[in-house]
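Chemist: next comes the sequence, and after it the predicted model I'd like to discuss.
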Amino acid sequence: MFSFFAMLSRMKYIDRWALMRNSRRENICEHSHEVAVLAHALAVIGNERLGKHLPAERAAVLGLYHDSTEIITGDLPTPVKYKDDHIRRAYKHIESQAARSLLARLPEDLRGEYESLFVPREDEAYLWELVKAADKLSALIKCIEEEKTGNREFILAGQAAREKLEEMPLPELKIFLEEFLPAYSLTLDEMGETT
């Protein structure tokens, strides 16, 4: 009996933003879906607007799995995770152990395919950068949504996420920030009909 997929299905039980008062809870399953959509969008923008040849579907799959080790580790809050180099290195080690634990729950013949979703390959470094950007974008979107409800708890987190995104040297991201991010501040009525 192999429990890899049953473990993945438990992503819906791991809440994000545990230290923050949330107007709406978010779990890592929802977050991973959003990151997959955003990573795919960034790759498509790169292909269509910048003449790149990025495998957008692969970017989406990497986004789907990017936080799956949190099934075992839980979602460690960013201020804790990145407080200092010692904690960052220790957490990376824990993530690596969690990935090995998840992969061990697969039959041997399937592990190779799934290992590349946990251990970045050199030839996919740029895709992983897009996934990191998508992850930060998802965090910023969460902050925008919380602020729209009047929850001031997310103001500083939103500012920090925006600063990190603006530091990333990804032209696809710059395009998304300019053309698509502003709509997240709108209400449904303000978005209006597009036809």
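Modeler: Structure received.
Chemist: from here on, contacts and neighbour counts on C-alpha atoms
Modeler: Will do.
Chemist: quick one, helices of this protein?
Modeler: 4-8, 28-50, 56-65, 70-73, 78-81, 85-103, 108-115, 125-148, 155-167, 171-179, 188-191 (DSSP state H).
Chemist: show the model's pLDDT score for residue 82.
Modeler: With respect to pLDDT, residue 82 has a value of 67.
Chemist: ditto for residue 51
Modeler: Taking residue 51 on its own, its pLDDT is 97.
Chemist: so that it lines up with my notes, have the first residue be 261 from now on.
Modeler: Shifting the count to begin at 261 puts that one at residue 311.
Chemist: report how many residues lie close to it.
Modeler: Residue 311 is flanked by 10 other residues according to other CA atoms under 10 Å.
Chemist: for residue 287, which non-adjacent residue is spatially closest?
Modeler: Closest residue in space to residue 287, ignoring its immediate chain neighbours: residue 275 at 4.1 Å, by CA to CA, 6 or more residues apart in numbering.
Chemist: which stretches of the protein have low pLDDT?
Modeler: Scanning the chain for pLDDT under 70 picks out 336-342, 453-455.
Chemist: center of it - which residue?
Modeler: residue 395 (2.9 Å; CA atoms, centre = their mean).
Chemist: and the helices of the chain as a markdown table, adding distance to residue 282?
Modeler: Shown next, in a markdown table, are these (distance: least, CA to CA, whole Å):
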| stretch | distance to residue 282 |
| --- | --- |
| helix 264-268 | 24 |
| helix 288-310 | 14 |
| helix 316-325 | 23 |
| helix 330-333 | 20 |
| helix 338-341 | 16 |
| helix 345-363 | 25 |
| helix 368-375 | 33 |
| helix 385-408 | 7 |
| helix 415-427 | 12 |
| helix 431-439 | 24 |
| helix 448-451 | 21 |
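Chemist: relative to residue 281, which of those is closest?
Modeler: helix 385-408 (9.5 Å; CA to CA).
Chemist: and the contacts of the closest one?
Modeler: For helix 385-408, contacts defined as CA atoms under 8 Å, 6 or more residues apart in numbering pick out 282-284, 291, 294-296, 298-299, 302-303, 314, 319, 322-323, 326, 380, 412-415, 417-418, 421-422, 424-425, 428, 430, 433, 444-445.
Chemist: contacts only, for the residue nearest to residue 287.
Modeler: Residue 275 sits in contact with 285-288, 335, where contact means CA under 8 Å, 6+ apart.
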